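Undergrad: heads up, no residue letters with this:
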């Protein structure tokens, strides 16, 4: 059996049990639950502080109706960050490299924002399809374009996350393989190792990916529900 | 039937301590680890039998076994593992203390906020205690105050009484002086009246004959005096 580079992205099953469920439950296991103590240890204090700050920053531009989404969005953010960061360890599987998972996260959430917007303020929601100040002859074309962009949002959300993570992992594998192969020949290894390191730092952008993910989701949310 | 009922009734309940209070304290620091991975307890466990180098020899042997038997295969993932290991270790070494200090600062701020409230309450109460003591001391001294005030008032009354006494005396004296002056005036006027009456009667009783006689006598007296004066030897 020849191991290709894409085998790391195969959803692992063992004896017919999909192990992706196990991989998905890892963040839940690793992130400690807040206790009912008033003063906690450092990890819990930091976690509490981070969640507070993040939710506060997230909910800043949204007015009151959108605050129901705070828990969902923060939990989503925590899940994605943990999954992505855990995937950086060797021999691990990142569930977020599966397009199915990302689309499963993106489409329902996006659809929820659209439906809420259409239900509560249909005029305003439909009005978002036409930017202000467009010259009259362009209106039909622009409406079509805006509709297409609206419907492409979930696709973009899901595929963006998948593509970024998959690309990062693949690159690491490739460069590590190259370094490993060149090790007997010694000379280029040093350069490659440093490139791997740099790329790993780049892959910390996975963290920023979450930022981008939730941010974009948030953008849709507050654009439609509110102003 | 009865046996079953008693058997069910004899099931033991509430054998453990139901209450969770007081909640046991959390350990302040985590368990001690060496090289970030291996707990200190393993070293302590192996120390009596193998001394200080025991765990290290165990680790080296284990690693060699895994590598030589290819239980752990070195492939490209090892490189990736090494890279991410370096990044993680570097990150923890560099940012660990500052992050820990930040977490401690958050906790300390929480504690200090509440402690401030407590300190304020304690200092307020202490101030109240001191004020109360001062009030008690003042209450003791109040007797002296009352005595002094009472003396003051008595003195004022006395002064007032004496003033009025003087005033009365003066008024009475004035009245009596008036009466005396009146009597004196009366006597004087009577005297003057009497004297003037006597003079008038004397003048009236001087007859012209007497008048001539007295004038002649005066002339003879004067002549006699002139003679004496002339007869005096000039010195």
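TA: All right, it came through fine. A quick note: this is a predicted structure, and the numbers were derived from the prediction, not measured.
Undergrad: quick one: contacts for residue A:46?
TA: Residue A:46 makes contact with B:99, B:102-103, B:106, according to Cβ atoms under 8 Å, 6 or more residues apart in numbering or on different chains. Using the backbone N, CA and C atoms, a C-beta is placed for each residue, glycine as well.
Undergrad: and the pLDDT for it?
TA: pLDDT for residue A:46: 91.
Undergrad: next: residue A:160.
TA: On the pLDDT scale, residue A:160 gets 83.
Undergrad: for the host helix or strand of residue B:55, list every residue counted as buried.
TA: Element membership of residue B:55, judged by DSSP states H and E, is helix B:54-68. Across helix B:54-68, burial judged by 16 or more other Cβ atoms under 10 Å in any protein chain shown covers B:54-55.
Undergrad: what comes into contact with that helix?
TA: Contacts of helix B:54-68 (Cβ under 8 Å, 6+ apart): B:38, B:42-43, B:46-47, B:50, B:71-72, B:74.
Undergrad: from the contacts of residue A:46, list the ones also adjacent to chain A.
TA: With Cβ under 8 Å from any Cβ of the partner chain as the criterion, these include B:99, B:102-103, B:106 near chain A.
Undergrad: restricted to helices, list those residues.
TA: B:99, B:102-103, B:106 (DSSP state H).
Undergrad: which of these ranks first by neighbour count?
TA: With neighbours taken as other Cβ atoms under 10 Å in any protein chain shown, the top of those is residue B:103, carrying 20 neighbours.
Undergrad: can you pull the contacts of that residue?
TA: For residue B:103, the contacting residues are A:42-43, A:45-46, A:49, by Cβ under 8 Å, 6+ apart.
Undergrad: just the buried residues from these, in PyMOL please.
TA: The buried residues among those can be selected in PyMOL (16+ other Cβ under 10 Å) with this line:
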select buried, chain A and resi 42+45+46
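Undergrad: closest to chain B out of the contacts of residue B:103?
TA: Nearest to chain B, judged by Cβ to the nearest Cβ, of these is residue A:42 at 3.9 Å.
Undergrad: what residues does chain A have near chain B?
TA: So chain A meets chain B at A:37-43, A:45-46, A:49, A:88-91, A:172-173, A:176-177, A:179-181, A:193, A:196-197, A:200-201 (Cβ under 8 Å from any Cβ).
Undergrad: look up how far residue B:202 lies from the spatially most central residue of chain B.
TA: Against the mean C-alpha coordinate of chain B, by Cα atoms, centre = their mean, the closest residue is residue B:131 at 7.8 Å. Distance of residue B:131 to residue B:202, computed by Cβ to Cβ, to the nearest Å: 102 Å.
Undergrad: same check, this time on residue A:57
TA: As judged by Cβ to Cβ, residue A:57 and residue B:202 stand 142 Å apart.
Undergrad: what about the strands in chain A?
TA: A:13-14, A:17-18 (DSSP state E).
Undergrad: worst average pLDDT in the ones you listed?
TA: With a mean of 76, strand A:13-14 has the lowest mean pLDDT of those.
Undergrad: and that strand, which strands flank it?
TA: strand A:17-18 (antiparallel) (DSSP bridges).
Undergrad: so what's the residue count around residue 40?
TA: Because you didn't say which chain, this covers chain A. Counted with other Cβ under 10 Å, residue A:40 comes out at 20.
Undergrad: wait, chain B was what I had in mind.
TA: 11.
Undergrad: so what's it up against?
TA: Here residue B:40 is in contact with B:31-34 (Cβ under 8 Å, 6+ apart).
Undergrad: give the helix, strand or coil label for residue B:150.
TA: When classified by DSSP: H, G, I helix; E, B strand; the rest coil, residue B:150 comes out as helix.
Undergrad: for the closest residue to residue A:83 other than its chain neighbours, what are its contacts?
TA: Leaving out its chain neighbours, the residue that sits closest to residue A:83 by Cβ to Cβ, 6 or more residues apart in numbering or on different chains is residue A:96, at 5.1 Å. By Cβ under 8 Å, 6+ apart, the residues touching residue A:96 are A:80, A:83-84, A:87, A:102, A:161-162, A:165.
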